[in-house]
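1. Below: sequence and its predicted model.
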Amino acid sequence: MTRPKWLVEAENAHYLMVVKGNQPRLHAAVKALPWKEVTARRYDRERGDGRRSTRSIRTLTVTGLGLDFPHVVQAVKILRHRTDLKTGKVTRQTIHAITDMTSSQASPQVIGRIARAQWGVEAVHHVRDTTFAEDASKIRTGHGPANMATLRNLVVNTLRDAGHHNIAAGLREVSYTPFTRPLDLLRLA
């Protein structure tokens with residue numbers, strides 16, 4: 001049973017899944033939907049972290065449109081525009097997603113909130129993967145993956161608490177005095 005099918009049928013839960021190029025047929029089908037005709041939209045604008053961001057969230061009911069994915073009801077298109085306030089550099093990103101939630105369960109505003117929460121999780125995962133090569137880990141059974149994620153989070157949060165913004169640089173600094181510095185950071189020495 002696929003994860004989305006298991007979530008909906010066994011766990012009575014919902015999913016919002018980003019559709020990427022690793023599923024080329026589904027990605028092409030979602031991109032080809034009539035997005036210009038969509039009336040269910042939400043625009044969010046904010047300033048912070050040295051940038052100005054605008055997000056446009058469009059949702060489209062796709063029941064009966066032949067998307068080959070378990071329980072899919074809506075497709076989502078999120079356009080993100082970011083302007084770096086120092087450099088003026090503008091970046092644009094388009095994200096497509098699918099969900100089993102109906103339009104009454106998940107309006108564009110709700111989808112935007114869910115997606116933003118997921119990006120926060122992805123940001124933490126990105127740090128763990130780039131610093132600790134988490135995706136390449138061979139630990140895959142039992143509680144091993146969860147235990148290692150907990151230990152990696154402990155390291156990341158301890159280094160951030162000590163004022164390190166760059167976790168890799170913080171790890172290098174700690175490695176210079178491996179018998180005392182880690183204990184100092186944990187306030188155990």
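-> Happy to help now that I have it.
2. okay, CA-based contacts and neighbour counts for the rest of this
-> Noted.
3. From N166, how far out is F132?
-> Counting by CA to CA, to the nearest Å, the gap from F132 to N166 is 13 Å.
4. same question, L65
-> 46 Å.
5. For these two, work out which one has more neighbours and name it.
-> Shown here are L65 and N166; by other CA atoms under 10 Å, N166 has more neighbours (13 against 10).
6. Provide the backbone phi and psi angles at the more buried one.
-> Here is the backbone geometry of N166 (degrees, to the nearest 10): phi -100, psi 110.
7. With T177 instead?
-> T177 adopts backbone torsions of phi -130, psi 70, taken as degrees, to the nearest 10.
8. Next: H164.
-> Main-chain torsions, H164, degrees, to the nearest 10: phi -90, psi 120.
9. repeat for K77
-> Dihedral pair for K77: phi -130, psi 120, per degrees, to the nearest 10.
10. how about the nearest residue to it, chain neighbours excluded?
-> Leaving out its chain neighbours, the residue that sits closest to K77 by CA to CA, 6 or more residues apart in numbering is H96, at 4.7 Å.
11. how much space is there between the one you found and R80?
-> For H96, the distance to R80 - CA to CA - is 11 Å.
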